[in-house]
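In: Sequence plus predicted model, see below.
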Amino acid sequence: MPPFARYLGLALIPLLAFLAVAVTGQAWFERETRRLQADAVAARQAQLVQALAITHRAPETWDESFQRDLGALLGGTVTLVHGSGMGILPVSEGTSKIMGGTPVPRGELGFDYPFPGAAGLHARVTFPAPAANRLIVLHQRMFAAVVLLALVLIVISALLPFCYRPARETSSAAHSSDLRSEMLGVEHFARMSVEHSEALKRETGARHQAEENLQVSRTLLDRSMQARMQLGRDLHDNICQTLYAVSLSLEAVRRTIAGEGAAPTGARLDQCIAELRRLNHEVRSYLKDLEPDAIRREPFTEAIAAMLNSQSQAGGPKFVQDLAPEATDLIAPEQTAEVISILREAVSNSVRHGRAQTITLQARRGEECVVLAVRDDGRGFDLAAAAGEGHGLANMPARAAAMGGSLKITSAPGKGTRVLLTLPISSG
């Protein structure tokens with residue numbers, strides 16, 4: 001075999017090895033890309049579920065404005081569709097798949113979310129694919145160029161032995177020149193291989209950075225959703241309930257003025273004014289850091305007394321406190337606001353809906369937990385029928401779970417209501 005052909009044959013070995021590494025890297029990159037798209041779709045699904053839990057709005061009542069607002073919250077578009085959904089359909093750059101008969105724009109991802117209990121209704125969500133897709137396109141183009149160059153070199157290497165016809169009387173100087181040219185070509189090819197490998201490493205690093213940025217954005221969105229849910233619970237369980245209690249007191253004052261003279265009226269008005277001032281202070285506290293500082297600073301027993309005082313009214317129910325100090329002393333200061341909100345909701349429901357004559361608050365210590373109970377002798381209610389009505393019944397177990405505890409409600413028509421809150425004893 002001529003020397004030139006022999007050297008080219010040796011050069012093909014690293015070329016083929018490089019192609020094998022490039023194909024393997026491409027397969028790995030495609031797999032990681034699909035995983036990144038699946039993670040992005042899963043994150044949007046979790047955000048949609050959290051948003052639906054906040055709104056409590058049936059899909060049959062969705063209008064275009066609500067779908068637009070929900071799409072803006074998720075960073076995409078939300079459409080209510082009828083018929084069978086197609087599930088999760090990630091769409092990469094340069095492709096166009098069909099979801100339920102509707103084309104998904106290129107460069108976007110999408111999925112169908114079926115509503116439980118609403119047969120034939122689905123929420124179709126589409127959103128822009130992660131920024132790493134641009135790196136994917138760049139990588140694919142570079143890979144195509146490298147493969148094309150390798151194929152050209154292979155073809156040239158295969159044809160050169162057939163075209164090579166060395167002259168019998170070639171001088172030694174000409175032979176040395178050809179040999180130097182061949183070595184320079186091999187060196188140039190090796191340098192190109194190293195440059196392509198470095199470019200692939202840089203793109204891989206950029207992709208990892210894009211994944212980290214996506215994770216940070218997802219974490220920030222989750223925190224924002226949790227903060228909004230917490231604010232909604234606080235506004236309902238504290239401000240709304242306090243305003244209702246003040247309105248009941250003012251109604252009692254009006255009845256007193258109309259029928260019994262003005263003797264106890266001043267005290268009731270003073271109580272209403274004090275409650276409104278306290279509520280104003282807590283609203284300012286919410287605006288400051290979303291946490292009722294006044295309740296957090298005062299002792300638990302004083303917070304209970306203030307809460308019951310705000311709920312009391314002339315001709316209203318009798319409040320009985322049976323709070324064991326060894327139990328109330330174990331409630332951590334940072335839990336006071338949450339516990340008071342749960343008890344306030346339970347007491348307010350007994351006053352407003354249960355029409356109870358006696359409401360009893362109890363606190364006992366167990367071996368590894370503290371148990372607080374609110375019992376009344378009111379009308380009671382059907383738990384199954386009341387599910388989904390208002391935010392109070394959903395807020396109470398959510399607050400208990402946030403503290404690591406649990407909440408159980410027992411009631412039946414005509415048999416009163418019992419709310420049982422169980423909190424673990426803090427090891428600190």
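Out: Here it is on my side, so go on.

In: Have a look at the chain and report its longest helix.
Out: The residue-count maximum for a helix in the chain (DSSP state H) belongs to helix 172-234.

In: quick one: average pLDDT of the helix or strand following it?
Out: Downstream of helix 172-234, the first helix or strand assigned by DSSP states H and E is helix 241-259. Mean pLDDT, computed over helix 241-259, is 71.

In: Just the CA trace of helix 241-259, in CSV.
Out: Extracted in CSV, the C-alpha atoms of helix 241-259 (Å, rounded to 0.1, in the frame of the first residue of the first chain):
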residue,chain,number,x,y,z
GLN,A,241,-64.7,36.9,61.3
THR,A,242,-63.8,40.0,63.4
LEU,A,243,-65.9,42.2,61.2
TYR,A,244,-68.9,39.8,61.5
ALA,A,245,-68.5,39.8,65.3
VAL,A,246,-68.5,43.6,65.4
SER,A,247,-71.6,43.7,63.2
LEU,A,248,-73.4,41.4,65.7
SER,A,249,-72.4,43.6,68.6
LEU,A,250,-73.7,46.7,66.8
GLU,A,251,-77.0,44.9,66.1
ALA,A,252,-77.2,44.2,69.9
VAL,A,253,-76.5,47.9,70.6
ARG,A,254,-79.3,48.8,68.2
ARG,A,255,-81.7,46.5,70.0
THR,A,256,-80.6,47.9,73.4
ILE,A,257,-81.2,51.5,72.3
ALA,A,258,-84.6,50.5,71.0
GLY,A,259,-85.9,48.5,74.0
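
In: Looking only at it, what residues are buried by neighbour count?
Out: Applying a neighbour-count criterion of 16 or more other Cβ atoms under 10 Å, one finds Q241, T242, A245, V246, L248, S249, A252, V253, T256 buried in helix 241-259. Heads up, the C-betas are built off the backbone N, CA and C, glycines and all.

In: Same question for stretch 36-53.
Out: Neighbour-count burial for stretch 36-53, counted by 16+ other Cβ under 10 Å, picks out L36, Q37, A40, V41, A43, R44, Q47, L48, Q50, A51.

In: quick one: which of those sit in strands?
Out: Among the buried residues of stretch 36-53, no member falls in strands (DSSP state E).

In: Same list (those) but as TSV, adding pLDDT and distance to L308.
Out: Formatted as TSV, those follow (pLDDT from 0 to 100; distance: Cβ to Cβ, whole Å):
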residue	pLDDT	distance to L308
L36	84	55
Q37	83	55
A40	86	50
V41	88	49
A43	89	44
R44	88	45
Q47	87	40
L48	86	41
Q50	87	34
A51	85	36
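
In: The longest helix of the chain packs against which elements?
Out: The contact analysis (3 or more Cβ pairs under 8 Å, 6 or more residues apart in numbering; DSSP states H and E) places helix 172-234 against helix 3-55, helix 132-163, helix 392-402.
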